[in-house]
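Q: pasting the sequence and the predicted coordinates here, then a few questions.
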Amino acid sequence: MELYTTLEAKKIDGLAIKEKSITSYSLMEKAAKFSYQAIHRRWPEIRNMIVFCGKGNNAGDGYLLASIAKESGLEVMIVLAEPSKKMSTAATKAFNLSKSLKIKIIRAKQLDKLKVPRNKTIIIDALLGIGIKGPVKGKIHSVIKKINSLGKNNPVASLDLPSGICADTGNALGIAVEADLTLTFIGLKRGLYTSGGRSCAGEILLDQLDVKSKIRSKIKSNTFLIDSENSLNKLINRRMNSHKGDYGHVLVIGGDKGFGGAAILAAKCAAMSGSGLVSLATRTEHVTAALNACPEVMVKGVDSGQDLKEILDLPNVIVLGPGIGRNAWAEQMMQQTFIACKKRDLPLVMDADALNMMTSLKLRVMAPHKLVITPHPGEAARLLRKNVKEIEGDRFKSAKKLSQKFNSVTVLKGSGTIVCSNTNKLRLAVCESGNPGMASGGMGDILSGLIGSFIAQGLGLTEATETAVELHSVSADIASLEVGELGLLASDVIETIRTNLIF
């Protein structure tokens, strides 16, 4: 499923309107009809509707939705956040229809004097849509604040995009409507799936408004929702005549003193997700714990780069970084790994402090060309020499810059994890699954082990990474249904990953 920027969405809209049978107003009518039906299905008990309208075509959708609701027997009120004289032609036509139906229309400042019925009232956000330019301020800022206040006791639905969210980045521009449901039209906007957009959108429903696929296909997007079904089928459907050598050998390197658990989790996840063989190179004091945790993993204690060299000829993919620390031992592990990867043309998955050490130009120059990096926003900030706010301000741009700088497949973790591949042409893929319970230690470690496992089993770097990211997040969602988000552990998710691979 393609995701669109503001410009791409407007181009599709423009191409659709060039069709003789489609007008801007007819698109509004279809959007309003779809919105009313979706709202009625979700909240059949609703008897009152308050529609907040701006001045653009998003407001036109709102006026027509209000008209449909009125004709369906609901008590409806429209709140004007912008003067009606500033509206587009199509929006003005929609406004006049709502007036002809004698729908109550008030100014935003009058709302404070009204009593809003609880429970059976829905709040509609038709303020800004994708047309926002710059930070929200002034009157609109106050109106959004009011919507969010009303939303504490009433459901909120946004039309096309929660007002205040940037359709391109997902960033909340000062303030944004916190919706329970977002009804979006023609194509999905990429800002709905990451950063503040993911927090504010609630459930997302799409209607393409009968815009033909041949029109949408004229505008090419480089951003997609991850769909790993075909890739998982490749992994699951094994030949009957198989042996462990057919499914790769993952070597996990990490686990400095006091941080053995991270490397153990990564190795265990690689083993439990189908790798034919898994080795773990870690500090000697962690060997017993690793064997107790997963005796199927071949564990070697390494206390120097020389110790590591002995096993670098074995794997066909290396995972470097879980619990590795930042000291002389870690640097030796990295140097020997880089040398082996370049010599043997091995893919390398890098996580945690291995990424933090990549800020060193010396190590960056040594990095292999088959590389997957998996930074969270803090690590991404260090790698790009920015702050976390800058990284999160445009996660798509940040992921792209990381891939270009390190010639890598990049996983920018967070709410709406982004996978960026820059190997042939730019591709951005967004994961729509995952939950706040994943904000706990060890989650990134099992992801790196999972990526390594899928590469070892024969998937390409981008395909393996996207598949692992989605399976990891979906498994966390399923695990949270059983144990809850609070206290969700990486080890819970490993077990669910294995269960998910059955289906």
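A: Cool, got the structure. Remember, it's a predicted structure, so these values are computed and weren't measured experimentally.
Q: so which residue is smack in the middle of the chain?
A: Gly416 (1.7 Å; Cα atoms, centre = their mean).
Q: which SS state does that residue fall under?
A: The local conformation at Gly416, judged by DSSP: H, G, I helix; E, B strand; the rest coil, is coil.
Q: state the phi and psi torsions of it.
A: phi 80, psi 60 (degrees, to the nearest 10).
Q: okay, the closest residue in space to it that isn't next to it in sequence: pLDDT?
A: Among residues not flanking Gly416 along the chain, Thr194 sits closest, at 2.8 Å (Cβ to Cβ, 6 or more residues apart in numbering). Using the backbone N, CA and C atoms, a C-beta is placed for each residue, glycine as well. Reported pLDDT at Thr194 in the predicted model: 97.
Q: so Thr194 sits right up against Gly170, yeah?
A: Yes - Thr194 lies in contact with Gly170 (Cβ atoms under 8 Å); the separation is 4.4 Å.
Q: looking at these two, which one has more neighbours?
A: Counted by other Cβ atoms under 10 Å, Thr194 and Gly170 do not tie: Gly170 has more neighbours, with 31 against 28.
Q: quick one, phi/psi of that one?
A: Backbone torsions of Gly170, given as degrees, to the nearest 10, read phi 80, psi 0.
Q: and it, what does it touch?
A: Contacts for Gly170 (Cβ atoms under 8 Å, 6 or more residues apart in numbering) come out as Arg190, Gly191, Leu192, Tyr193, Thr194, Ser195, Gly196, Gly197, Arg198, Arg395, Gly416.
Q: remind me which residues of the chain are low pLDDT?
A: 20, 84, 503 (pLDDT under 70).
Q: domain assignment for it?
A: 2-220, 229-234+246-500 (automatic domain parsing).
Q: ok, Leu320 to Asp227 distance?
A: Counting by Cβ to Cβ, to the nearest Å, the gap from Leu320 to Asp227 is 29 Å.
Q: repeat that for Asp61.
A: 29 Å.
Q: looking only at neighbour counts, state which of the two leads.
A: Asp61 (30 against 13).
Q: send me the helix or strand containing that one as CSV with only the CA atoms.
A: In this structure, Asp61 is located in helix 57-71 according to DSSP states H and E. Taking Å, rounded to 0.1, in the frame of the first residue of the first chain, the C-alpha atoms of helix 57-71 are listed here in CSV:
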residue,chain,number,x,y,z
ASN,A,57,-11.9,21.7,1.0
ASN,A,58,-11.5,19.9,4.3
ALA,A,59,-14.2,22.2,5.6
GLY,A,60,-16.4,21.4,2.6
ASP,A,61,-16.2,17.7,3.6
GLY,A,62,-17.3,18.8,7.1
TYR,A,63,-20.3,20.8,5.8
LEU,A,64,-21.5,18.0,3.7
LEU,A,65,-21.1,15.5,6.5
ALA,A,66,-23.1,17.8,8.7
SER,A,67,-25.8,17.9,6.1
ILE,A,68,-26.0,14.1,5.8
ALA,A,69,-26.1,13.8,9.5
LYS,A,70,-28.9,16.3,9.8
GLU,A,71,-31.0,14.6,7.1
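Q: now do the buried residues in that helix.
A: 57-70 (16 or more other Cβ atoms under 10 Å).
Q: right, and the helix or strand after that helix?
A: strand 75-80.
Q: can you tell me the strand partners of that next one and which way each runs?
A: Applying DSSP bridges, strand 75-80 is found paired with strand 48-53 (parallel), strand 104-107 (parallel).
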